[in-house]
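Trainee: Need the 3D shape of this:
(2 chains)
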Amino acid sequence: MKRKLFFFAVLFLALALVFGVMGCAPVDPVDDEEEVTPPDEEVDDEDVLEFDGEIKIAVTGPMTNIQGEMMWWGAEMARDEINAAGGVIIGDETYSVSLIQVETDEIMDPLGAVSAVENVIISEDPHFLIGGFRTEAVMPYTDLVARDYQKIFVICGAATNELLEGRIDEDYDTWKYLFRVTPIKSTDLVTVTILMLNDVAMAVREELGIAQPKVAILAEALEWNEALVQMAPQIFPTLGLEFVGTFRPSATASDVTTELRGIEASGAHIIYTIMSGPVGIPFGKQWGELEIPAAPVGINVEAQKSGYYPATDGFGDYDYTLNTFAKNAEITEETIPFMEQFVDLFGQLPNYNADTYSAVYILAEAAERAGTLDTDAVIEEMENTERIGAAGRLVFDENHDVVWGPGYVTAVGIQWQDGELLGAWPYEWYPDPENAPDLVVGYDGIVPYQLPPHVLEQWRE
Amino acid sequence: MAVIQMALRYIRKEILVLPTRVIAVLFVLTLLLLPFLTQDMYILRILAIAAIFAIFAASWDLLSGFVGQISFGHALFFGVAAYTTALLNLRLGWSPVITIPLGALVAVLVGLLVGIPCLRLKGPYLGLATLAFPIMLMGIIFVFPGFFGGELGISGITRLAALRIHEYYLAVGLMLVLCFIMWKITDSKIGIIFHAIREDEIAVRASGINTIKFKLLAFCLSGFFAGIAGGLFTHFLRIAGPSMLAVLMSFQAIIWTIFGGIATIYGAVAGVFILYPTLEILRAAAEYRMLIFALIVLLVLRVMPEGITTFIRDKLERECPRCKVRNAFNRKEFRVCYSNMHG
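Mentor: Numbers count the residues shown, from 1 in each chain, chains lettered A, B, ... in the order given. Just a heads-up that it's a prediction; the model follows:
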């Protein structure tokens, strides 16, 4: 009898599994006109009834990581503002913005992320998608979104040039659905970090009297920074710098003592960092603890976060990294209100992923201008985007990439100074000293870069 | 009429006679008939990927479960075939019909290359040695990003088939055929030698059998099947990326197989078809996804240490101690020797 019961239990479980798999996505896509309450929104009948429809935007990213959280928070902020302001007017109708959170788990499982994206497209039928962090995941899922579903996807986290270059310029009709709002593309990131490096080199020359500072590269072993690692040593001599070597820890390394001791032995005055992974924290902590006499500058995504200083027990002070925003830098009139509101709402400073905020606005405004949610019409309007955002003036180039440069989005250099994260670049940037010697870029609130005290002390000794 | 009668007789005598066979047939029928019930792209995607991973997990079972050659780097075969397939398709424009078998053949060669230096190693030493190979290959991929695409991988590959439903049937069909072949191999004379090598290699050698030859054969066969899975996956996803060589990929095959039941082939298939969709469903609980998944695996293995299929089989069937034939639990006497089952 027990065995019979067990047999039926097994059969039941097998059937439950089959139907469970079938049930994890509805068979029919949700109709555009049907009112769907987003999972994160509280039901409020009055608010729902105010709108004639809704624009559904799926936010795809590693939601249990800080990058995904920032994407979600930025988008939430934009959604709430738009809805509170009366929604999006498309033709004669008013639409609310609703968000759908998509956990792609792309840091752990980049190839599995495609399934999560396809699931949301089928089950929720969003009008637009935004997000994407890890290039290896974003590559296949932008492929799926553009080629199989012809939906607009705004990248808000992956910098690799090839996500747009070689796609839109070579086959516009297939790839026209893809745009990038944040960050600026890899090659522009290189340019900014080199400009920041130049600032540090000048500080070393002026304060330490070293005519040709030595630079070591500390780059996590990942492909996204490969171009930077190859290109940087060729650029250093043009800045009057001597290249002394490259050190490549794992992106998830918890100990970089060997690399730091190697850098110290090389006699480097500056460490050009290129790190997006968790290795940024052990780096900051050990660099300060060991008092490595070389000033870090470049990209350290961990150092962009409010929690970096306590995570490194304060040893990460004076780390100098690239970011999209700085709380003291008034890039545009939108920057400070955005930063303050973000901190008020979420208790953290936004990183570059949080500019999903702009992405939501760009999509909503393009739909409003187009007067329809028709994809091609919205794309046409998005190509004409001209928006003053918190990160600068947002305009798309022929590859649908956000334009970098003076008067557009420049990015900023941020430095931890006595436990405070302050904007330190562009302080006095001459973008074109030969042709436009009077053109100086510097944002209100930006403070001058400071060499780490222990670096000053050790080299003066 | 006679054919129908024969078929019915076969079903009655060979399938309905054992509950596990009934479950297996129901599983196959469900897979084959599912597209008639739903053509939801997402469901077909998940099940097609599960079918591909089932081939991969079963290939690990063939090598490690049956021959005892513990491999912690099985992603090597999967990844090598994936990259070969992708490069042949992208650079030479060859169709999946050619690239997938060629990718699998390259995986066979790699199986030989790995097998030869690993022949003298056993147990954890062999496991660690095999673990090193995919990591080395990943290093090569990053050293030559221009050729292998580095972290971006190789994209722009031809689809496995024009429609998702065709891709589904290709993946599921190949899974059924290849897993059946693997199962038949383990049930053949070669399979008996494989079993014997795992149990006592010295005794096998003492019997005059060249164990080196059979171990290399196991590496090649396993490499071939894992290679087919790698090629299918690449064309299905239209990308070959370095995560296909990641340690996680190798360990997934081990988890799936042990969860389903090691040294069975069908256990690996069951493991994948239970765990892979479960992990997808758990995306709804993003923060607790891996925790819940790990708890499920741990709890199931705590209750069913031999794997889920072995547990179910042992509950539903009994093997006759005399004639060694399996019987349904509800019989009164064994079906071949007719001795009392409960006596």
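Trainee: and A:V102, bridged to which residues?
Mentor: When assigned by DSSP bridges, A:V102 has beta-bridge partners A:T60.
Trainee: residues near it, how many?
Mentor: 25 (other C-beta atoms under 10 Å in any protein chain shown). Quick note: C-beta positions are derived from backbone N, CA and C, even for glycine.
Trainee: cool, B:G123 as well?
Mentor: Number of residues near B:G123 (other C-beta under 10 Å) recorded here: 10.
Trainee: Let me know the pLDDT of the nearest residue to it once chain neighbours are set aside.
Mentor: Closest residue in space to B:G123, ignoring its immediate chain neighbours: B:I70 at 6.5 Å, by C-beta to C-beta, 6 or more residues apart in numbering or on different chains. The model reports B:I70 with a pLDDT of 89.
Trainee: residues near B:N330, how many?
Mentor: Neighbours of B:N330 under the rule other C-beta under 10 Å: 12.
Trainee: gap between it and B:H342?
Mentor: 11 Å (C-beta to C-beta, to the nearest Å).
Trainee: Buried residues, the helix or strand harbouring B:V3. List them.
Mentor: Secondary structure here is read from DSSP states H and E; on that basis B:V3 sits in helix B:2-10. For helix B:2-10, the neighbour count (16 or more other C-beta atoms under 10 Å in any protein chain shown) marks no residue as buried.
Trainee: cool, stretch B:93-110 as well?
Mentor: Buried-residue list, stretch B:93-110, by 16+ other C-beta under 10 Å: B:94, B:96, B:99-108, B:110.
Trainee: List the neighbours of stretch B:155-163 that are in contact with it.
Mentor: A:139-140, A:143, B:85-86, B:89-90, B:95-96, B:149, B:166-167, B:170-171, B:232, B:234-236, B:238-240 (C-beta atoms under 8 Å, 6 or more residues apart in numbering or on different chains).
Trainee: Mind doing that once more with 6 Å?
Mentor: Stretch B:155-163 is contacted from outside by A:M139, B:A86, B:N89, B:L90, B:P96, B:E167, B:L170, B:H235, B:F236, B:R238, B:I239, using C-beta atoms under 6 Å, 6 or more residues apart in numbering or on different chains.
Trainee: So which bits of it are buried?
Mentor: Taking 16+ other C-beta under 10 Å as the criterion, stretch B:155-163 shows B:S155, B:I157, B:T158, B:R159, B:L160, B:A161 as buried.
Trainee: Could you dump those residues into TSV with secondary structure and pLDDT added?
Mentor: As requested, the buried residues of stretch B:155-163 are exported to TSV (DSSP: H, G, I helix; E, B strand; the rest coil; pLDDT from 0 to 100):
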residue	secondary structure	pLDDT
B:S155	strand	86
B:I157	coil	90
B:T158	coil	91
B:R159	coil	91
B:L160	coil	93
B:A161	coil	92
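Trainee: Just name the closest of the residues you listed to chain A, please.
Mentor: B:S155 (5.2 Å; C-beta to the nearest C-beta).
Trainee: what's the spacing between that closest one and A:S276?
Mentor: In terms of C-beta to C-beta, B:S155 sits 21 Å off from A:S276.
Trainee: One more: A:V190?
Mentor: According to C-beta to C-beta, A:V190 stands 14 Å off from A:S276.
Trainee: Likewise for A:V200?
Mentor: A:V200 is 20 Å from A:S276, by C-beta to C-beta.
Trainee: now swap in B:R322 and tell me
Mentor: Look at B:R322 and A:S276: by C-beta to C-beta, they are 65 Å apart.
Trainee: And the two? Which one has more around it.
Mentor: The residue with more neighbours, out of B:R322 and A:S276, is A:S276; 20 against 10, by other C-beta under 10 Å.
Trainee: Which pLDDT value belongs to the more buried one?
Mentor: Taking A:S276 on its own, its pLDDT is 84.
Trainee: For the stretch 51-200 of chain B, which segments count as strands?
Mentor: With DSSP state E, counting those that start in this stretch, the ranges of strands along the stretch 51-200 of chain B come out as B:154-155.
Trainee: Pick out the residue of it closest to chain A.
Mentor: Counting by C-beta to the nearest C-beta, the stretch 51-200 of chain B gets nearest chain A through B:E151, at 2.6 Å.
Trainee: Now do the nearest residue to B:C337 once chain neighbours are set aside, the pLDDT please.
Mentor: Nearest non-adjacent residue to B:C337, counting by C-beta to C-beta, 6+ apart: B:C323, 4.5 Å away. Note on B:C323: pLDDT of 81.
Trainee: what does B:V247 give?
Mentor: So, for B:V247, pLDDT stands at 90.
Trainee: For it, give its distance to A:R460.
Mentor: Distance of B:V247 to A:R460, given as C-beta to C-beta: 47 Å.
Trainee: Show me which of these two is the more surrounded one.
Mentor: Each of B:V247 and A:R460 has its neighbours counted (other C-beta under 10 Å); B:V247 has more, 14 against 9.
Trainee: for the residue of the stretch 251-400 of chain A found nearest chain B, helix, strand, or coil?
Mentor: The stretch 251-400 of chain A approaches chain B most closely through A:A251 (10.1 Å), counting by C-beta to the nearest C-beta. Here A:A251 is recorded as coil under DSSP: H, G, I helix; E, B strand; the rest coil.
Trainee: What is the neighbour count of it?
Mentor: A:A251 has 18 nearby residues by other C-beta under 10 Å.
Trainee: Please identify the helix or strand for the closest residue to it other than its chain neighbours.
Mentor: In space, A:A251 comes closest to A:G277 once its chain neighbours are excluded; the distance is 3.1 Å by C-beta to C-beta, 6+ apart. Assigned by DSSP H and E, A:G277 belongs to no helix or strand.
Trainee: Any idea how many residues pack against A:G277?
Mentor: A:G277: 18 surrounding residues under other C-beta under 10 Å.
Trainee: Enumerate the residues of the stretch 101-250 of chain B near chain A.
Mentor: B:P145, B:G150, B:E151, B:L152, B:G153, B:S155, B:L237, B:R238, B:I239, B:G241, B:S243 (C-beta under 6 Å from any C-beta of the partner chain).
Trainee: B:I46 and B:T278 touch, don't they?
Mentor: No: in this structure, B:I46 is not within contact of B:T278 by C-beta atoms under 6 Å, at 10.5 Å.
Trainee: okay, the two: which has more neighbours?
Mentor: B:I46 (25 against 18).
Trainee: got the contact list for the more buried one?
Mentor: B:P277, B:E280.
Trainee: for A:V138, same thing?
Mentor: Residues in contact with A:V138 (C-beta under 6 Å, 6+ apart) are A:G132, A:A158, A:L163.
Trainee: how about low-confidence regions in the stretch 1-150 of chain A?
Mentor: A:1-49 (pLDDT under 70).
Trainee: I'd like the average pLDDT over the strand or helix carrying B:I49.
Mentor: Taking DSSP H and E as the criterion, B:I49 maps to helix B:41-60. Averaging pLDDT along helix B:41-60 gives 96.
Trainee: now swap in stretch B:11-31 and tell me
Mentor: 90.
Trainee: which residues are in contact with it?
Mentor: A:V18, B:V172, B:R313, B:L316, B:A328.
Trainee: before we move on, the earlier item: let's see which of the buried residues of stretch B:93-110 end up in helices.
Mentor: B:P96, B:T99, B:I100, B:P101, B:L102, B:G103, B:A104, B:L105, B:V106, B:A107, B:V108, B:V110 (DSSP state H).
Trainee: quick one: the first one and A:R205, what's the gap?
Mentor: As defined by C-beta to C-beta, B:P96 lies at a distance of 59 Å from A:R205.
Trainee: Point me to the residue of the stretch 201-343 of chain B nearest chain A.
Mentor: Relative to chain A, the nearest point of the stretch 201-343 of chain B is B:A286 (3.6 Å; C-beta to the nearest C-beta).
Trainee: OK, contacts around the residue nearest to that residue when sequence neighbours are not counted?
Mentor: Nearest residue to B:A286, sequence neighbours excluded (C-beta to C-beta, 6+ apart): A:E103, at 3.6 Å. Contacts for A:E103 (C-beta under 6 Å, 6+ apart) come out as A:M63, B:R283, B:A286.
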